[in-house]
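> Quick one: sequence plus predicted model below, questions after.
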Amino acid sequence: MWDLDQGDEPIQEFCGHELVVNGIAISPDGRKLCTGSRDNWMCLWDIESAKCENRHNISRNLVTHVCWVPASFSVVQTSEDKTIRVWDSRSWQVTNTFPAKQYIQTYCDVSPNGHYLVSSSNGHGGQGCEATLWDLRQPGCKVVEYRGHLQTTACCQFLPVSPGGSAQIATSSHDSSVKIWDQNTAVCLGTLSLDGAGPLLSVAPTDSNGLLCASFNSGLQHIQVEQRSPQAQGSGAGSGGAGSLDMRVVARF
């Protein structure tokens with residue numbers, strides 16, 4: 001753990017996992033830290049003392065990502081065993097396990113209102129490679145799937161909703177493309193292909209009109225997202241390809 005105002009020395013370390021830590025999530029009150037690892041352990045830490053308060057090992061639960069549900073005691077995690085688990089941070093026990101998907105679940109994100117979960121799948125040649133929207137109020141209830149990537153979908157994120165706009169989800173993939181989807185209809189609103197960038201490992205919103213995307217070969221991409229004019233929509237013109245959104249890289253780091 002680092003303090004951004006106190007130089008480059010860490011102020012706390014959380015030691016206890018034996019393999020790669022793939023997921024971290026901070027509780028809504030900022031007092032607890034959840035970590036998940038390829039060592040099959042899910043750990044709950046006190047942030048101030050760095051003491052591990054609870055840990056739980058589930059066979060073959062190679063954790064790929066964890067996410068805290070806003071305003072709740074629940075933590076969601078994805079795994080290489082293709083399942084999604086919901087944990088209660090008070091008992092540190094699994095309260096729900098979603099039906100296993102066909103492919104490894106690589107990432108998860110929870111909507112700001114805590115009602116929905118989106119997870120992404122690995123795959124190749126267009127098989128798998130989807131993101132899936134789930135209703136957390138009915139655990140295991142699949143709402144829609146977002147299909148169109150040709151390789152592993154590495155990341156999925158709920159996007160901030162602009163005034164008068166629709167709920168949207170962004171995905172990034174090993175096929176070097178970023179896609180934005182209408183959350184409810186699963187229509188692809190825009191695609192940006194970053195040729196030569198290699199696998200796109202993660203994506204995160206900066207605001208309602210911008211994304212940051214981490215690439216394997218060409219660093220961090222700052223992507224601007226704008227509503228396309230009706231004329232451009234009709235012609236399919238623009239760097240983002242067909243769809244109602246225009247997406248373009250405005251900076252690289």
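Looks like it arrived, so ask away.
> who touches Q221 in this structure?
L194, A197, L212, C213, A214, S215, V249, A251, R252 (C-beta atoms under 8 Å, 6 or more residues apart in numbering). Quick note: C-beta positions are derived from backbone N, CA and C, even for glycine.
> Got a quick PyMOL command for the buried subset of the residues you listed?
Buried residues among the contacts of Q221 (16 or more other C-beta atoms under 10 Å), as a PyMOL selection:
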select buried, resi 194+197+213+214+215+249
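> can you redo the contacts of Q221 as CSV with secondary structure?
As requested, the contacts of Q221 are exported to CSV (DSSP: H, G, I helix; E, B strand; the rest coil):
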residue, secondary structure
L194, coil
A197, coil
L212, strand
C213, strand
A214, strand
S215, strand
V249, strand
A251, strand
R252, strand
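> Could you dump the contacts of Q221 into CSV with distance to K51 added?
Shown next, in CSV, are these (distance: C-beta to C-beta, whole Å):
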residue, distance to K51
L194, 42
A197, 41
L212, 33
C213, 36
A214, 32
S215, 37
V249, 43
A251, 41
R252, 41
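> out of the contacts of Q221, who's nearest W134?
Within these, the smallest distance to W134 is 23.9 Å, found for C213 (C-beta to C-beta).
> Would you mind confirming that that closest one is in contact with Q224?
No: with contact defined as C-beta atoms under 8 Å, C213 does not count as touching Q224 (11.6 Å).
> Okay, helices next: where are they in the stretch 101-250 of the chain?
230-235 (DSSP state H, counting those that start in this stretch).
> Please verify my assumption that R252 contacts N217.
No: the pair R252 / N217 is not scored as a contact, 11.2 Å apart, by C-beta under 8 Å.
> that older thread, now, which of the contacts of Q221 sits nearest A170?
A170 has its nearest neighbour among the contacts of Q221 in C213, at 8.7 Å by C-beta to C-beta.
> Run through the residues that contact the closest one.
Here C213 is in contact with S172, V178, L194, L200, S202, V203, L220, Q221, I223 (C-beta under 8 Å, 6+ apart).
> So for it, what's the pLDDT?
Note on C213: pLDDT of 98.
> G234 too?
53.
> Tell me which residue is most central in this protein.
With the centre of the chain defined as its mean C-alpha position, the nearest residue by C-alpha atoms, centre = their mean is C156, 3.9 Å away.
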